[in-house]
Every structure is written in C-alpha cells, then in structure tokens.
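Peer 1: sequence and computational prediction follow.
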Amino acid sequence: MTDDLNDLKAMMDRATPRPDAARRAENLALAQKNFEDLQGSRKAARPTPANRPKGLWTGVKTMLNTFTSKAALTTTTALVACGFLFLTPQGQDLLSPPTDGELTRSEFDGDVAQPEVEREPFRAEDMPSDMILREPLGDDEAEVIQSPPRAPTPEITEAVPKNDEASTIDLTFGDGETVRVPVQPSNTASVRPEPRERVVENIDELAAESAETALQQSADSSSILLGVTDSITPAPVPTAPLAPPPTARSIAQTAPPAIGAQSNNSSDFTAADMGAIFDEVAPAPAPATEAFPTEALNDLKITSEDPVSTFSIDVDTAAYSVVRSSLTGGQLPPPQAVRIEEMINYFPYDYPAPDAGEAPFRPTVSAFPTPWNADTQLVHIALQGEMPALDDRPPLNLVFLIDTSGSMNQPNKLPLLKQSFRLMLDQLRPEDEVAIVAYAGSAGQVLAPTPASDRQTILQAIQSLQPGGGTNGQGGLQQAYAIADRMAEDGEVGRILLATDGDFNVGISNPDALKDFIADKRETGTYLSVLGFGRGNLDDATMQALAQNGNGTAAYIDTLNEAQKVLVDQLSGALFPIAGDVKVQVEFNPEQVAEYRLIGYETRALARKDFNNDKVDAGELGAGHAVTAIYEITPVGSPAQLSDPLRYAPNTVAASSEELGYVKLRYKEPGEDTSQLIETPIIGSDIPGAEANFAAAIAGFGQLLRDDRYLGDWGYDDAIALANANRAEDPFGYRTEAVQLMRLAQSLSR
C-alpha cells in the first residue's frame, strides 16, 4: 500500500465516528431476537432418505444431487469458505491472534503508523450462520431473509504446535464425524481464540471498526443493516456517547492533514483544506446580489454660501417596506436601502386638502423645535392632493408586465404576486381593459386585451404563469409598450404595472440605459409603475430608475397586507395623477438661518436651474396623495452651528425680515406642457401637531438606521416615545406597526 493510500486510510478512519459499546449491545440483543424469531426456513422441510449415507464426501455428493441448484450453489459457497478458512495461509492468519509484530485494534486507532497487515476483503460467504440480511423493497418496508445455509461449524480438537513442521487438526462436525486435515505451520500457541461476537448496525459502523477492510471492499454493502458476527477479537473500545452523523463541516474540521501534508497535528487541518473534497456535499450559499441607489447623503449646507435647495417630490414607499422586511427577518436593513423620504411618505396624513377651484394640492409649511436638538428647528413642508370624484374617471387600459424568470421561483415572489393581483382586480370597472405580458428568457403575451368584467379569464391567465429562464426586461418592456399603444384611445388612461424582483440580466440591464428607454416612452402618455417582490437579488436601483423616469410610483410588496394597501387602498393615487412634474425649491434667509440640511430625497435632487425648466422631469402627485419634506435648520447665533461664519459674507437680505425662508412649488396640470407656480414663506416657530410630530419621529427613526451623526444622544427610546404620543387616528395600524419596528431595530442594534 502506498503512502498516499495510507494517508487516505488514516483520514477515513479519523473522519468516521467511533461505535458506542452500549448501542452495540442493544444491536446484538436485537439480532439475537430476530434470529430466534426467524429460525428455520419459510418453506416446508424437504424429506431426506431414511438411511443417510455415511462419510463426509458421500454425504456431500448425495446433498448436491438432492438439493435444488440454488441451494447447491449456496452450500458449495459455504464449503469453499470453510475450506479457505482452515486450509490456506490467509485463513490461518484470521485464526491466529496478533503477535508483537502485528497490528492490534488499539494501535490502529492511534496516531502512530503501524506495520501493514494483509487481510482478505469482506465477503458475503464469510458471514456467520446467524447473520441476517435485510433487503429494502421500498421506502417504508423491507423483507427479512435467512442467511444462506452453511456447512456445520467444526470444533477444533487439536492445537497446532509452535514449530515449522506440517501438522494436522481434527475437525469434528455436529453429527459426530471427525476429519483430520493438514494445516500450515504457525507461530501461535493456539489456532483459534475465543470468538467474540459483534453486531454492526450499518456499513458506516463497520467502516469505523475496520477502516482498512472497508477501503478494500468493492461490493455495495449498503443493504447490510443488522447482524454481522466477527470472529476477530478487537481491542476494547472506550464507551462514549453516540456521536451525531458527521457533516461536511464537522469532517473537514476534524480530519487529518490532506495527502502529502507534513503536519502531524490534526488541528492544523482546516475546513479550507478540504474545500475541494466537500464542495459537492455542502456548497457555500450564493451571496445576496441586492442593489440599492448609492447617492451620497445630503450634507449640511451653509446658508450664506448655498441658500437654495431644489428637489423633486417622491411618493414612492418601497424603502419602508424593505426596512420592514429586513427587521422582521431579524437583521438591520442595509444603510443604502433606507430612503428616509419614502419612510415618511409611507403613512397617510391628515393634512389640509385644497378647496374647490384651487390648485390640485395645498401646501402647508411650519417650523418647530427639533426633537433631537433643542438648538435647531425643523421646517415641515406638506403637500396634500385632492381626491377627485372617481366615479367619472376615464377608462383604464392596464398592462400587467410580470417577471416569470427563474429568480421569481420563491413563495414571496411569483406566488405572492398572483395573490396580490387577485385583490386588485376587484378595483377595476367593466369598461377597463387588462392585458398580460410575461417575460423570462424571452417575452410573450399571456393575455390579449380583455375587459375587466371577464374576471375568470384574467385570473386563469395569472394562475398559469410559471417561473423559469433568464430575465429579459428589455424585451418585456418593449412588448408591454407596444400593447399599450394598441389599446390606447382618446380620453383613456394607459398604465403599465411592472412586477419583478428587479433582476434584469438579459437585454438592457444598466439603470442609465433603462432610464433613457423609459424616458422616451413616457411621452406617449403611458406611465410605468413598479412593484418589487422578494429579497436576495432585489435590484432596487433599477426599480427606482424605472419608476422615476416612467412617471409612475415604486412600491415593494412583502406581505399580502402590503398588497392590500398598495393595490386596493391607494390604487387610485398610483394610477390617476392630479399634478405632474412637481418640484420644490426652498430659499433660506442667511440672516435668520445659518445652516440647513434636507432629510432624505438624495435620489430626487435637482439643480437650481432645473426648477424653472419645464423640460426637466419631476415626480407626479396622485389623487389623494400626501407628500412630506423636512429640513433641519440652525438659527443664526445658535450654539448648534457647526460652521464658522464668514468674515466677509455679503448681506443680501434685509436683517429686519423675520422670514426663515421661502418655498416655491412648480407643477403641471395633467396633459399640459407649461408649469404653474405656488409660493409661500416660512414664518417663525409654530407648535407642531400630531401629523408633523409623527413625521419627525419617522425622520429620526430613518436617521438612526442610516446616519445618526446629527442626533446626538437622541435614540430609539426617544423615537418610540415621540411616535407613540402622536399616533392619532390610525385605522389600519400603520403607525402602530412603525412603533413595533422601532422596538425591533433597537433590539437588533444592541
């Protein structure tokens, strides 16, 4: 045996758990019971001649002539095995106890290499007569079969002398007949030690007791479950609790050094050294490939240097759902996933709505002390959209664009998507039309434009969707827009509702390229909204690019309750905009405000010059939607000011003005190309109401999750107290749920 095989043998022996003596005794008792229960043949005994011939060989001849061919074969095999045991040198080795130069069981279990001993491989015909074979017939049953009949076990009546002369022994059989046979010389004082029975429950335990024999055995012994009796006396094995079955990790951590290694210390062997061996047994889990926008956080601005802040409104809510999914899953969300403006705008607010004949939304601006810093103030800007009479709304042409790629084959993806769309169908009217496009490696139309009244046909098409293949987002989008164009008629509203986990890996997959593609298509009047499903490979950055440039909204659905909120309660706001390209610009008074920072809206920032440019796209405000934006400002002379004032700063605003700043808003009426302007000043410090205070609590919660450098000692306890005190009307429990999420985040952050 080569050194490599010796090392492999030693490694296998170390990796195999040692048998339990107590378990072995139980198996022995069970084997004996099975033997007693099944003693004898299942068939009736065959008659034998009354005058049995005398003599061994005459009897054998008669037996062979009388038995069937199968029995003859079995008996012949047993006789050959008996002859091999007593008439060959290898058989004599098995009958001889180990001497000083041979390998003992205790030495085999040790770390020191011992001289090799050649042993014959284990064979079925070498099994003793009380062995039981169980051959599995199916998953839940097995047939118990008697071991093959064997020749009577002889009793040895004469010892072999310790010399090199040829000797004989007398073999006495059960019927009293004695046969003298020659044997090879031996250096042992006795031919056969007292046998010691062992019961091996399965092939793994057999390998643990004789790793060398198991390595030489080529036959599949997996059907041997119980009842092997061995005549070789092993060294005593210490009693130890039965170890659990080894795993790839436990074997790799305890196995000896790999073949060729020069270390004698098994602790030097690490799991990495066995990586190639166990890759197929326990492959490493694939890393998550989630992608979120990477815009830098809004920094503190010095008013005298940069007094103007401009951004587009955002009515998306995906970030809050992703945060909830992470926290309820037992981990803090990735910092990039926390978009504070989407967390704030997730909740409905009771802001003042516009009166009849006014603009489609009403702004409300207030300032009040900051909860986390008594030396600063929060400027709270709220927009509340009107809820028009939807009974007279125009017909809706809705194209479901559904991702059916292989990545959607998870319970919280395609199955949840199907359940969610069932809820949505009840909100459609008979004059509305629905078409379905599915895309994976390629895109295809699943359902031609169908009246919403034909609910059964639509449901059958949704239920027929099955996951598989790549994610050809480009092909799906192109076909969805083509169908929407065919469905469009004057006065009707066209919408594409994309449902995906965001994994675009075929066609256009770059967010910038997708942004350009969608920007060209939105000019047709068909808007695109995006619903995200599932985690693991959620491409939130791509979903944001699609929704922002498709004049739609982005939401993330992680539960059926969220589907109810997005696709039932807020469906009108998602599908029917009341104002387009809504922009916000705030100019702060440097005589009153030393510093300011916008909390959130990093992905919605606009250049100052973009505010008056009607060709620059911005967010849409849907029917009944509310939008909130919060600035933290530092009054001039406040000890909270982080920057030193400029020595030569110009005085551009009259010092007598008490205005903190000035808010300007631009928007377009649906279908119009020219924007309209709304202006309002920011005056003094007000006493905040429950709505503003709750929005501030969520703003603080978001900062705790992502960037708490401006919060000082203000922590989760303060956020929980502020939110609890300002839950106000909470008919669906959204605010109560937010408090529970704060408590979860507090525990996980510890």
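Peer 2: Noted; the coordinates are in hand.
Peer 1: what helix or strand does the nearest residue in space to residue 301 that is not next to it in sequence sit in?
Peer 2: Nearest non-adjacent residue to residue 301, counting by C-beta to C-beta, 6 or more residues apart in numbering: residue 596, 5.5 Å away. C-beta coordinates here come from the backbone N, C-alpha and C atoms, glycine included. With the criterion set as DSSP states H and E, the secondary-structure element containing residue 596 is strand 593-598.
Peer 1: output the contacting helices and strands for the following helix or strand past that strand.
Peer 2: From strand 593-598 onward toward the C-terminus, using DSSP H and E, the following helix or strand is strand 619-622. When contacts are defined as 3 or more C-beta pairs under 8 Å, 6 or more residues apart in numbering; DSSP states H and E, strand 619-622 packs onto strand 373-385, helix 571-575, strand 577-588.
Peer 1: repeat that for 7 Å
Peer 2: For strand 619-622, the contact count by 3 or more C-beta pairs under 7 Å, 6 or more residues apart in numbering; DSSP states H and E identifies strand 373-385, strand 577-588 as packing neighbours.
Peer 1: outside of the shortest one itself, list whatever touches it.
Peer 2: With C-beta atoms under 7 Å, 6 or more residues apart in numbering as the contact definition, strand 577-588 has outside contacts at 303, 307-313, 360-361, 381, 385-386, 388, 551, 596, 606, 611, 617-623, 629, 631, 633, 660-668, 670, 675.
Peer 1: that older thread, pretty sure the residue nearest to residue 301 is touching residue 303, no?
Peer 2: Yes - with contacts defined as C-beta atoms under 7 Å, residue 596 counts as touching residue 303 at a distance of 6.2 Å.
Peer 1: next, work out how far apart residue 645 and residue 298 are.
Peer 2: 21 Å (C-beta to C-beta, to the nearest Å).
Peer 1: so which of those two has more stuff around it?
Peer 2: In terms of neighbours (other C-beta atoms under 10 Å), residue 298 is the more surrounded of residue 645 and residue 298; the figures are 19 against 12.
Peer 1: show me what contacts the more buried one?
Peer 2: With contact set as C-beta under 7 Å, 6+ apart, residue 298 has these partners: 597-598, 602.
Peer 1: quick revisit: OK, contacts around the residue nearest to residue 301?
Peer 2: By C-beta under 7 Å, 6+ apart, residue 596 lies in contact with 301, 303, 588, 631-633.
Peer 1: show me what contacts the closest residue to residue 727 other than its chain neighbours?
Peer 2: With sequence-adjacent residues excluded and distances taken as C-beta to C-beta, 6+ apart, residue 727 is closest to residue 735, at 4.4 Å. By C-beta under 7 Å, 6+ apart, the contact set of residue 735 is 347, 694, 723, 727.
Peer 1: what's the closest of those residues to residue 543?
Peer 2: Within these, the smallest distance to residue 543 is 21.0 Å, found for residue 347 (C-beta to C-beta).
Peer 1: I'd assumed residue 734 was in contact with that closest one.
Peer 2: Yes - with contact defined as C-beta under 7 Å, residue 347 and residue 734 form a contacting pair (5.5 Å).
Peer 1: so for the two, which residue has more residues nearby?
Peer 2: Legend: neighbour count by other C-beta under 10 Å for residue 347 and residue 734, higher for residue 347 (20 against 15).
Peer 1: any idea how far that one is from residue 701?
Peer 2: Taking C-beta to C-beta as the measure, residue 347 and residue 701 are separated by 12 Å.
Peer 1: go on, residue 746?
Peer 2: When C-beta to C-beta is the yardstick, residue 746 and residue 701 sit 10 Å from each other.
Peer 1: looking at those two, which is more packed in?
Peer 2: Neighbours were counted for residue 746 and for residue 701 using other C-beta under 10 Å; residue 701 has more, 25 against 15.
Peer 1: and the more buried one, what does it touch?
Peer 2: With contacts taken as C-beta under 7 Å, 6+ apart, residue 701 has the following neighbours: 719, 742.
Peer 1: again, but for residue 519
Peer 2: Contacts of residue 519 were listed using C-beta under 7 Å, 6+ apart, and they are residue 549.
Peer 1: so among the contacts of strand 577-588, which ones count as buried?
Peer 2: Among the contacts of strand 577-588, those classed as buried by 16 or more other C-beta atoms under 10 Å are 303, 307, 309-313, 360-361, 381, 385-386, 551, 596, 606, 611, 617-623, 629, 631, 633, 660-668, 675.
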